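> Sequence first, then the predicted structure, then my questions.
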Amino acid sequence: MGLPQGAYQALADALGAENICDDPAVTSGYSYMWLIYSTHAQSGRYRPAAVVLPRSTQDVQTIIKIANRYKFNYIPVGTNLLPPTIPARADTIIIDPKRMDSIVEIDTQNMYAVVEPYVTYAQLQAEAMKHGLTITIAEAGAQVSVVANNMFQGMGGTGHKFGYNRGVLGCDWVLPNGDLLHIGSRGNAGADWFWGDCAGMNLKGLLRADSGHCGGMGMVTRMSVKLFPYPGPQTFPVKGANPNFEVNFPKDRFMLNLIKFPDRKKLIEAIYEVGHAEIAAAVHEEPATMVLSGASPSVEYFWEKYPDFMKQWRNVLSVTLIGFSSARQVAYEKKVLDAIVAELGGTYIEEGSELWSIGQDNIGEQIRTGLSNRLFRIAGDFFVIGGFGFDSIDQSYKMSEDYMWPLIEQGQKKGHFVPDDTHNDWLNSYQLGHYSETEPLIYFEHDLEAGASFINSYAQTVVEAVKRRMCTTWPLGPMNYISGPTMCNYHELVLKIKKAVDPRLTSNPDYPVPQEPPKG
Amino acid sequence: MSLEKYRWDLVNCERCSMCKWVHPWSIKSKERARICPSMQKYKYDAYSAQGRFDLARALLEGEVEMTDKAAEVIYACTLCGGCDVTCKFTRDMEPIEILQELRALAVAKGKGPLPGHMPAVDSIRQNNNPWLQPRSRRGHWARKMKVKDLSKEKAEVLYFAGCTYSYNANMQEVARSTLGILLNAGIDVGILGANEACCASPVLKVGMVDMFREHAAKNIELFNSLGVKTVVTSCAGCYGVLRSQYPGVGKMNFEVKHSSEYLAELIQEGKLKFTKEIPMKVTWHDPCHLGRGSEPQDLWEGVRVKWGLSEPPRERNYGAQGVFDAPRNVLKAIPGIELMEMERIREFSWCCGAGGGVRSAFPEFALETARERIEEAESTGAEALVTSCPWCESNLGDSINAIGSPLQMLSLVDLVNRAL
């Protein structure tokens, strides 16, 4: 089923005929998603009924009003990386913001930028760096949308210093009835974009708590995001040639430390101590698979190096020091770090060693993500075992050890997941160690059996977290029916809110929570 | 070959969108972040490598038909290979081969080439050049030059002028100047005159693989029969196909060099000395087929096994081993020339917009793409935009005229000649 009669013409009249297309040759480009079983939509089963290209907030309002008048569904997308943007029903259009790609403003005094949905992190950071400013960039890659990523989570490499989920300020938000809502300081007459709050109740929580509404509650068409000080060169300092680039920040202001600890507990302790000391800009446990994939120009290279590398690269903490105020800041922080490392029995990986050469681009990755999609290189598909442990550092660690790694080992025994006996996650410190996230990374082939193994393991982590009363993050769409009952039935409240603003459930209908629980 | 060979690539694309952008670490500004002209023009994902992968997968699975619209999506692409560079940084996939394969499929299904391509295709078939010119006039550009005719004599070097430099009166000077420089430097060089034939790159680009292979095989046989050590060409299009595709057609007993490489070597060896100063700020445009598109392609036949490994292992061309330094070295050697680099250079160069049959089938798209490059060139402060490709020169030159840009459009050899 396509669009209701008259709807296509109404959209074409509003946007211009060249800004809507329903031809399968075009809509196929929005029908296939990498994680085959990860969503309600079987990839390739549904093409959108049409794709539209709005140019402005007003265009988006018009599209949504037409959708309500003619009764069809729509999914607003950003750079379109995550599975929920694939239509699950045939009468759904995609709102693709490629013509909404302006950096509206960079306010260097108040340190924020206002962007439209098709501005990527790399674009924004490239412009911000010219003003001595930066932004923390999603690990999904610097090629993703600033707006979409902040709507989803807004995590990033330098989250240890700059915070987690804290970047969103004001927004222009087109509600599912087509009305325009200004939130944050944008909501106060004449107050502009500078702050995340406004008079009265803050509605930002409706946009996103843990993981956003995935286009289920209308579309944000402009967003102001925080910028942070950046003491480096105006152009991202890269040298080399494809596929081997090297990042070369001035060492007096940017210092990467790769530290091996005797065991994972010591590593976790070190993260706490670094946080207590309030030093460092980026702090991550770096698993062998992630580091080696980042340095691998081909899958063959990875697999040649991996068996030996996995033995050598264990319990490695990456700590990046940035001298925001001065070079002396780096010198001071290094002394503090030295003391922590000595106390906990850690050893620095020597600069110039083979291990260092493989891990050295970590510093570039934390400032502008450019390697992360190489994770797919290892086996074809990659994801995190499941409900991403977002909690305190020790709880994240506990989740990983208690139930995530046992699930991974099951998948490994079946031959579905890439072997990895390190039990090292990609564990991140946020907000100077007050919060963290752990991602036990798994890699699997793009086939039905391995895909099923992955998605079952993913769902099982949500079940296990619920059993243990631990945090169940990223319970996307139907998975909220697993986690909801253990947390005051929040999913019912979320669904009520969706129905209040989207009575016909037309904005990415199954998000943030589908109307019915999943069958089976 | 068929799309089936690329099934692994098609189902494993995770739509990371790297194919739409310069690699993030090399992005210097918001405005010069894109790598894909087709995406820039048409906006829909379908016009990116990611979207064309989806279309290819849907065609393979029988979810969609090869329609006129599908053919338009397939052909509205300059085959510049920008997507190939950024995708391959991340994944072990072959975007440019898949885009070519889609065109071969369009031809097989009777939807390609497009009407706009047909005059050139027919002309190559009939006249051995895409410009509807008689074969007998091919060597006229050199009729006043004293040079060996390699149909009759032997020489170490064949200067292969290519169709455009042979026939286009506005560009013949490039061929004459280059040949003149080689002769003056004492190089034992000759030409084929009327016996030179099209490299057949234009038919390959529009998906007529059999016709290409037939022409390429004849050329290889001819070049081998001449006994030359080196084939030199000034045309980036010819050079790209001779370097990247001909080795897959037949054994070549000669090496292929672009004139910029040859000139750079002559300068280094002291055989080419400049006597005049040219006080000028210039910027260099890397032609796609001279740069990222000129790496030899591994015509791998194999299968993807566990974890996506290739069996047998294959060599991948990452686009960074093309001819980038030689023209820059030539420019830097000319007294008075100041080279101002654009933001998108070398393997991340922005396409001129003419390639892949776009200039003939989608002229508006070609000009818009060129316009973006002109604006980028202007932003360097250069007075002239220099390149060494007849397609780039034509398209960028047209755009300069269309928008009234103050930039001069120059061939590399123009500057060399002026400074001698």
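Thanks, I have it.

> Pull the number of nearby residues for residue B:118.
13 (other Cβ atoms under 10 Å in any protein chain shown). (C-beta placed from N, C-alpha, C; glycine too.)

> what do you get for residue B:244?
Residues near residue B:244, counting by other Cβ under 10 Å: 21.

> what about the residue nearest to it when sequence neighbours are not counted, which SS state?
Spatial nearest neighbour of residue B:244, chain neighbours left out: residue B:297 (5.0 Å); criterion: Cβ to Cβ, 6 or more residues apart in numbering or on different chains. Recorded secondary structure, residue B:297: coil (DSSP: H, G, I helix; E, B strand; the rest coil).

> wait, doesn't residue B:297 sit right on residue B:245?
Yes: using Cβ atoms under 8 Å, residue B:297 is in contact with residue B:245, at 6.6 Å.

> more crowded one of these two?
Ranked by neighbour count (other Cβ under 10 Å), residue B:297 and residue B:245 place residue B:245 first, with 22 against 19.

> Enumerate every residue touching that one.
Neighbour list for residue B:245: B:201, B:204, B:212, B:216, B:297 [criterion: Cβ atoms under 8 Å, 6 or more residues apart in numbering or on different chains].

> mind giving me the domain ranges of the chain?
Picking chain A for this. Annotated domains of chain A cover A:7-95, A:103-229, A:241-468, A:477-520 [automatic domain parsing].

> um, chain B though
Using automatic domain parsing, chain B is parsed into the domains B:3-112+B:274-419, B:117-268.

> Report the closest residue of chain A relative to chain B.
Nearest to chain B in chain A, going by Cβ to the nearest Cβ, is residue A:29, at a distance of 3.1 Å.

> Now that residue. Its backbone dihedrals?
Taking degrees, to the nearest 10, you get phi -70, psi 0 for the backbone angles of residue A:29.

> ok, it - how many residues close by?
Count around residue A:29 with other Cβ under 10 Å applied: 29.

> Quick check: the gap between it and residue A:137.
Between residue A:29 and residue A:137 the computed distance is 26 Å (Cβ to Cβ, to the nearest Å).

> ok, residue A:206 touching residue A:496?
No: counting by Cβ under 8 Å, residue A:206 does not reach residue A:496; the two are 11.9 Å apart.

> more crowded one of these two?
Comparing residue A:206 with residue A:496 by other Cβ under 10 Å, the one with more neighbours is residue A:206, at 20 against 10.

> contact partners of the helix or strand where that one lies?
Using DSSP states H and E, residue A:206 falls within helix A:204-207. Outside helix A:204-207, the residues that touch it by Cβ under 8 Å, 6+ apart are A:151, A:168, A:171, A:173, A:183-184, A:196-197, A:213, A:217, A:220, A:497, A:501.

> next SSE after that helix?
Downstream of helix A:204-207 (by DSSP H and E), the next one is strand A:219-226.

> So in that sheet, which strands flank that following strand, and in what orientation?
strand A:112-115 (antiparallel), strand A:168-174 (antiparallel) (DSSP bridges).

> So which of those strands is nearest residue A:359?
strand A:112-115 (31.0 Å; Cβ to Cβ).

> contacting residues around the closest one?
By Cβ under 8 Å, 6+ apart, strand A:112-115 touches A:102-107, A:124, A:127-128, A:135, A:146-147, A:169-170, A:193-194, A:222-227.

> Is the helix or strand harbouring residue A:318 in proximity to chain B?
Residue A:318 belongs to strand A:316-322 when assigned by DSSP H and E. No: judged by Cβ under 8 Å from any Cβ of the partner chain, strand A:316-322 and chain B are separated, with a smallest distance of 15.9 Å.

> That strand - contacts with which helices or strands?
For strand A:316-322, the elements it packs on are strand A:254-260, helix A:264-276, strand A:282-285, helix A:327-343, helix A:362-367, judged by 3 or more Cβ pairs under 8 Å, 6 or more residues apart in numbering or on different chains; DSSP states H and E.

> can you put those in TSV and add mean neighbour count, distance to residue A:450 and mean pLDDT?
Formatted as TSV, those follow (neighbours: other Cβ atoms under 10 Å in any protein chain shown; distance: least, Cβ to Cβ, whole Å; pLDDT from 0 to 100):
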stretch	mean neighbour count	distance to residue A:450	mean pLDDT
strand A:254-260	22	31	98
helix A:264-276	20	27	97
strand A:282-285	27	25	97
helix A:327-343	16	39	98
helix A:362-367	26	27	94
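
> which residue is nearest the centroid of chain B?
The centroid of chain B falls nearest to residue B:289 when counting by Cα atoms, centre = their mean (2.4 Å).

> what's the closest residue to it other than its chain neighbours in contact with, if anything?
Spatially, and ignoring its direct neighbours in sequence, residue B:289 is nearest to residue B:240 (2.8 Å; Cβ to Cβ, 6+ apart). Applying Cβ under 8 Å, 6+ apart to residue B:240 gives the contacts B:201, B:287, B:288, B:289, B:290, B:293, B:294.

> Next, the closest residue to residue A:136 other than its chain neighbours: secondary structure please.
By the measure of Cβ to Cβ, 6+ apart, the closest residue to residue A:136 outside its immediate chain neighbours is residue A:156, 3.2 Å from it. Classification of residue A:156 by three-state DSSP places it in coil.

> how many other residues sit next to residue A:156?
28.

> Am I right that it is in contact with residue A:142?
No: Residue A:156 is not in contact with residue A:142 according to Cβ under 8 Å; the separation is 9.9 Å.

> can you list residues touching both of those two?
residue A:369.

> Give the helix, strand or coil label for the residue of chain B found nearest chain A.
For chain B, the residue closest to chain A is residue B:51, as judged by Cβ to the nearest Cβ, at 3.1 Å. The assignment at residue B:51 comes out as helix when based on three-state DSSP.

> where in the chain is pLDDT low?
No chain specified, so I'll use chain A. A:1, A:35-44, A:386-389, A:520 (pLDDT under 70).

> Let me rephrase: I mean chain B.
B:1.

> so who does the residue of it positioned farthest from its centre touch?
The C-alpha centroid of chain B is most remote from residue B:306, which lies 35.3 Å away (Cα atoms, centre = their mean). Contact analysis of residue B:306 by Cβ under 8 Å, 6+ apart lists residue A:445.

> just the strands in the stretch 101-250 of chain B please.
Using DSSP state E, counting those that start in this stretch, the strands of the stretch 101-250 of chain B run over B:148-149, B:157-160, B:189-191, B:230-233.

> by contact count, what packs against the last one?
I take that to be strand B:230-233. Using 3+ Cβ pairs under 8 Å, 6+ apart, strand B:230-233 is in contact with strand B:157-160, helix B:236-244, strand B:255-258, helix B:259-268.

> so of those, which one's packed in deepest?
Of all the helices and strands packed on strand B:230-233, helix B:236-244 has the most neighbours on average by mean count of other Cβ atoms under 10 Å in any protein chain shown, namely a mean of 27.

> starting at the chain centroid, how far to it?
Relative to its parent chain, helix B:236-244 has a centroid offset of 6 Å by Cα atoms, centre = their mean, to the nearest Å.
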